[in-house]
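>>> One predicted model, sequence on top.
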Amino acid sequence: MTEGDQVAVLGVRVRLGDGATADDVRALKAWLERDEPLEELISGEQLRIEERTRTDGQKGRLGPDIELVLQLLGDVATVVALTEYTNRAVKTWKNNRRRLQGGDPDTEIRPLDPDGE
């Protein structure tokens, strides 16, 4: 690889929609960081979870302006496996949130776009 070549960023994006708050995003991030398969990837420095401001032009329309990006830092897991782990963890978090607070925010989980992330 020559200088200036870009490496594709692999990972998934989690967006909370209608009915969610910025506090929900932060709570979900903490939940994901403690979920067993994701926690193992984080502790092995193979995964990073970041809060990012949405940049898709839909600012505030469907939920908080913050999204979570789970970025693979090594080839220890596939995007398919990461998406599966994330889906399970988000589903469990939503069930817990519904039980404790009521409401069920919409969620969108999808692979990162390797071109535009």
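Good, I have the coordinates. Numbering: from 1, shown residues only.
>>> So what's the residue count around the closest residue to D24 other than its chain neighbours?
In space, D24 comes closest to L16 once its chain neighbours are excluded; the distance is 5.7 Å by Cβ to Cβ, 6 or more residues apart in numbering. Yep, even glycine has a C-beta here, placed from its N, CA and C like the rest. Number of residues near L16 (other Cβ atoms under 10 Å) recorded here: 24.
>>> wait, isn't L16 in contact with A27?
No - at 10.0 Å, L16 and A27 do not qualify as touching, with contact defined as Cβ atoms under 8 Å.
>>> got the phi/psi numbers for L72?
Backbone geometry at L72, expressed as degrees, to the nearest 10, gives phi -70, psi 130.
>>> per-residue confidence for it?
Taken from the predicted model, the pLDDT recorded for L72 is 94.
>>> The one 10 residues further on too?
Here the pLDDT value assigned to L82 is 95.
>>> Show the contacting residues for it.
For L82, the contact set (Cβ atoms under 8 Å, 6 or more residues apart in numbering) comprises 10-12, 41, 47, 70, 72.
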